[in-house]
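1. sequence first, predicted model second:
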Amino acid sequence: MPENPYLNVLVTAALTLLFIVASSFGLGALARGVARLRGATPKQQANTFAGYLFAAPWIVGFLIFVVVPLGFSLYWSFTDYRVTANQPPQWLGFENYQNLLFKDDSFRASIVNTLYLTVIGLPLQMGFALLLAVMLNQKLKGERVFRMAFYLPVILGFNTAVLLCWRLMLNTGTGIINQMWRAAASVPLIGYLLRALIYVQEIFSAFFLGINNGKFNLLTKVIEAGFPAENRVPLWVQSPMWSKMSVILLMIWGCGAMMLIFLAGLNNIPKELHEAAEVDGATGWQRFWKISFPLLTPYIFYNLVVGMINSLQIFEPIFVLYRDNQPLVPSAISMVYYLWQKSFSHFEIGYGSAISWVILVFILIVTVIQFRLQDRWVTYDVY
């Protein structure tokens, strides 16, 4: 007789609920026993039991779904574990890490690409977020509508449907972005600036691609080709020289969360400071640079830390835009995309685990350095 799927769901749900209740009472009883051994009063023991009883679902879930997988991942990173081989993990020691750090050219390319997205994309993202925050802080008519519009990309996120729409908009021939680019380029001065932007971007990208493969032939060709022609448009999703810039464009599009943080910081600046500076004859730019910007440094620091962590883990835009365009993958591959490729495409779980721990250590080092250096430029005096 075939199994009833609905009955299986009900049984699984009942067993899960029973496990949550049992683990909660067990953890509460254990905490109460520890409190009793420490000489706590009966009331303190009861409070301890109640506290751990209600906190137990999260604690047990954290242990099961975070701590235990972390332990397995750390162990697998020292092994040759392939899920398709039907064999237990083979202990390798530090061989995965040695290959990863000293022999794997693809991982080195992913590091360079990720640093490009972080060093170039993150400042642009924060700059646009700050610009939008300053504009929305002017108390203009329709301000709430613009706030909602600029924050909407954060709500939509980098889901597949949105990214596929962006892929259509970034199409070289029919995409709306290049159509707007052509319309703007029809104005002589703007067209010259846009062509100069294409030239600088392609030189810069060709240089980084040369670092990846150790050959600078593409950079030489770009320089020899000279200044772009009048009809040139960016090849967003068709050229390796523009693959990373298209991802940066998506990062800028999703700067709404940073914008809100900056807007909150601008609203917290005492108005008396601006009024006094205005009475003294300070211009708008002077008031922003001498008053607003120094007092925004705590918010800049927060966005910098969070933004750098996110940019070092970027995955979804690259996955959706370039997964089925293999010739462009090496030019845009990030560290997390390479992790997915090894773990879930090639099924090399041991090697993928090593990649994940290297990324973790890399992000941890960068974050610690940021916190150590914050005293040199972040000011909390007014707060």
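-> Thanks, I have it.

2. going by C-alpha atoms from here, please, whenever you check contacts or count neighbours.
-> OK.

3. quick check: domain ranges of the chain?
-> In terms of domains, the chain is parsed into 5-76, 102-172+235-376 (source: automatic domain parsing).

4. show me the one of these that comes nearest Arg82.
-> Among the domains of the chain, the nearest to Arg82 by Cα to Cα is domain 102-172+235-376 (4.9 Å).

5. please name the nearest non-neighbouring residue to Lys300.
-> Not Lys; residue 300 is Ile. Nearest non-adjacent residue to Ile300, counting by Cα to Cα, 6 or more residues apart in numbering: Phe262, 7.5 Å away.

6. now Val378
-> Thr297 (5.1 Å).

7. how many neighbours does the one you found have?
-> Neighbourhood size, Thr297 [other Cα atoms under 10 Å]: 19.

8. wait, it touches Asp375, no?
-> No. Thr297 is beyond contact range of Asp375, at 10.6 Å (criterion: Cα atoms under 8 Å).

9. hmm, who's touching stretch 13-20?
-> Here stretch 13-20 makes contact (Cα atoms under 8 Å, 6 or more residues apart in numbering) with Pro57.

10. check which residues of that stretch are buried.
-> Ile20 (16 or more other Cα atoms under 10 Å).

11. max-length helix in this protein?
-> Longest helix in the chain, counting residues (DSSP state H): helix 5-37.

12. distance from the chain centre to whatever helix or strand Ile300 lives in, please.
-> Using DSSP states H and E, Ile300 sits within helix 297-312. Distance of helix 297-312 from the chain centroid (Cα atoms, centre = their mean, to the nearest Å) equals 10 Å.

13. show me what that helix packs onto, helices and strands only.
-> If you count contacts as 3 or more Cα pairs under 8 Å, 6 or more residues apart in numbering; DSSP states H and E, helix 297-312 packs onto helix 105-116, helix 122-136, helix 256-268, helix 349-373.

14. how far away is the residue nearest to Val378 from Leu260?
-> Relative to Leu260, Thr297 is positioned 15 Å away (Cα to Cα, to the nearest Å).

15. okay, stretch 188-201 in CSV with CA atoms only?
-> Below are the C-alpha coordinates for stretch 188-201, written out as CSV (Å, rounded to 0.1, in the frame of the first residue of the first chain):
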residue,chain,number,x,y,z
PRO,A,188,28.0,66.4,-28.3
LEU,A,189,29.6,67.1,-24.9
ILE,A,190,27.8,64.4,-23.0
GLY,A,191,28.6,61.9,-25.8
TYR,A,192,32.3,62.8,-25.6
LEU,A,193,32.2,62.2,-21.8
LEU,A,194,30.4,58.9,-22.2
ARG,A,195,33.0,57.7,-24.8
ALA,A,196,35.8,58.7,-22.4
LEU,A,197,34.1,56.7,-19.7
ILE,A,198,33.9,53.6,-21.9
TYR,A,199,37.6,54.0,-22.8
VAL,A,200,38.8,54.4,-19.1
GLN,A,201,36.5,51.5,-18.0
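
16. could I get the buried residue list for that stretch?
-> For stretch 188-201, the neighbour count (16+ other Cα under 10 Å) marks 191-192, 194-195, 198-199, 201 as buried.

17. make a markdown table out of the residues you listed and add secondary structure.
-> What follows is the buried residues of stretch 188-201, written out as a markdown table (DSSP: H, G, I helix; E, B strand; the rest coil):
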| residue | secondary structure |
| --- | --- |
| Gly191 | helix |
| Tyr192 | helix |
| Leu194 | helix |
| Arg195 | helix |
| Ile198 | helix |
| Tyr199 | helix |
| Gln201 | helix |
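
18. now render those as a markdown table, adding pLDDT and distance to Val358.
-> What follows is those, written out as a markdown table (pLDDT from 0 to 100; distance: Cα to Cα, whole Å):
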| residue | pLDDT | distance to Val358 |
| --- | --- | --- |
| Gly191 | 91 | 44 |
| Tyr192 | 92 | 44 |
| Leu194 | 93 | 39 |
| Arg195 | 93 | 40 |
| Ile198 | 93 | 35 |
| Tyr199 | 93 | 35 |
| Gln201 | 91 | 30 |
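
19. of those residues, closest to Leu304?
-> Closest to Leu304, out of all of those and judged by Cα to Cα, is Gln201, at 23.7 Å.

20. Met180: how many residues sit nearby?
-> 10.

21. quick one: buried residues of the strand or helix carrying it?
-> Here Met180, judged by DSSP H and E, is contained in helix 176-185. Buried residues in helix 176-185, counted by 16+ other Cα under 10 Å: 177-179, 181-182, 185.

22. try stretch 360-367
-> Here stretch 360-367 shows 363, 367 as buried, counting by 16+ other Cα under 10 Å.

23. same check, this time on stretch 92-101
-> Neighbour-count burial for stretch 92-101 [16+ other Cα under 10 Å]: 95-97, 100.

24. measure the most centrally placed residue in the chain to Pro298 for me?
-> What sits nearest the mean C-alpha location of the chain, by Cα atoms, centre = their mean, is Asn310, with 2.0 Å. To Pro298, Asn310 is 18 Å away according to Cα to Cα.

25. kindly report the same for His274.
-> 19 Å.

26. try Ala40
-> Applying Cα to Cα to Ala40 and Pro298 gives a distance of 42 Å.

27. more neighbours, these two?
-> With other Cα under 10 Å as the criterion, Ala40 and Pro298 differ in neighbour count, and Pro298 comes out ahead with 19 against 15.

28. leaving out sequence neighbours, find the closest residue to the more buried one.
-> Using Cα to Cα, 6+ apart, the nearest residue to Pro298 is Val378, at 5.8 Å.
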